[in-house]
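>>> coordinates only, no sequence provided:
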Ligand code: ADP
Ligand code: ADP
């Protein structure tokens, strides 16, 4: 069924830039949805509107049937992984992963269970006590993913998360992402400007251009259409 329902979403920045121009789309629960489009077409603005980092100008965002358009970020149950990871440099790998859990009022046993599961899944056990600066790009990306996934969000948004990696690492991380998506039984919205990545990853593709949704459908529907 439908998990996310975006209707008439519009964002005009204070300087008058119309970044997102009344877009409509839905995402089914469990899908790996990819939003693709050229730089400046409004992809990041869309993600930051969904997660609640931006006040939208108009439109509605519903998650599992609840209107979350005006809800504060931390109550939305939507995670965001940034391209540049944004790990806390003064915290270890494990502390970075645990950090968001501290605000959730879970008991220590549940915090430990979730942290250990993520360290294991991301193959980060050996790196748990390292500082982020000691890690490679791929390892940092796994920590960033773990830090979001440990909160068990209904929906995880990924903003060009493999953008700065070389091709070989990108391909490996794509396989990781597909595995994680499957194992966590979660819903992803993944933003990229790379069409080949979209074709490899997506259950559903949303094509954006100039602040609008141009097309939406399966890989076959988007790329094999006459
Ligand atoms: P994308 O993620 O597809 O590259 P963005 O959502 O970042 O696109 O940007 C969409 C449009 O909004 C672009 O024209 C961009 O220059 C503009 N924009 C982004 N952030 C701001 C801002 N804070 N203030 C004004 N304009 C912005
Ligand atoms: P507390 O705030 O209870 O002192 P922490 O903030 O250090 O604990 O960690 C929260 C939870 O995450 C704890 O239950 C702890 O056992 C677990 N945790 C912290 N570091 C690690 C690690 N390296 N490996 C596995 N679990 C960890």
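Sure, I can see it. Since the structure is predicted, the reported quantities are computational estimates derived from the model, not experimental observations. Numbers count the residues shown, from 1 in each chain. Ligands and ions are numbered 1, 2, ... in the order given.

>>> what residues of stretch 113-124 count as buried?
Residues of stretch 113-124 classed as buried by neighbour count (16 or more other Cβ atoms under 10 Å): 114-115, 118-119, 121-122, 124. Any C-beta I mention is one placed from the backbone N, CA and C, and that applies to glycine too.

>>> let me know the pLDDT of residue 172.
In this model, residue 172 is scored at 84, pLDDT.

>>> quick revisit: closest to ligand 1 out of the buried residues of stretch 113-124?
Taking Cβ to the nearest ligand atom as the measure, ligand 1 sits nearest to residue 122 out of the buried residues of stretch 113-124, at 26.2 Å.

>>> give me the subset of the buried residues of stretch 113-124 lying in helices.
114-115, 118-119, 121 (DSSP state H).

>>> from the residues you listed, which has minimum pLDDT?
Confidence by pLDDT is poorest for residue 121 among these, given 83.

>>> all helices of the protein, in order?
Ranges of helices within the chain are 43-51, 93-99, 108-121, 137-149, 167-184, 195-201, 219-223, based on DSSP H.

>>> now the closest residue to residue 125 other than its chain neighbours: how far from residue 108?
Once flanking residues are discounted, residue 125 sits nearest to residue 119: 5.0 Å by Cβ to Cβ, 6 or more residues apart in numbering. Remark: distance between residue 119 and residue 108 (Cβ to Cβ, to the nearest Å) = 16 Å.

>>> so which residues on the protein come close to ligand 2?
Remark: the part of the chain in contact with ligand 2 comprises 94, 98, 108, 111-112, 115-116, 119, 128, using Cβ under 6 Å from any ligand atom.

>>> could you rerun that using 8 Å?
Listed as neighbours of ligand 2 in the chain under the rule Cβ under 8 Å from any ligand atom: 92-95, 97-99, 101-102, 108-109, 111-112, 114-116, 119, 125, 128-129.
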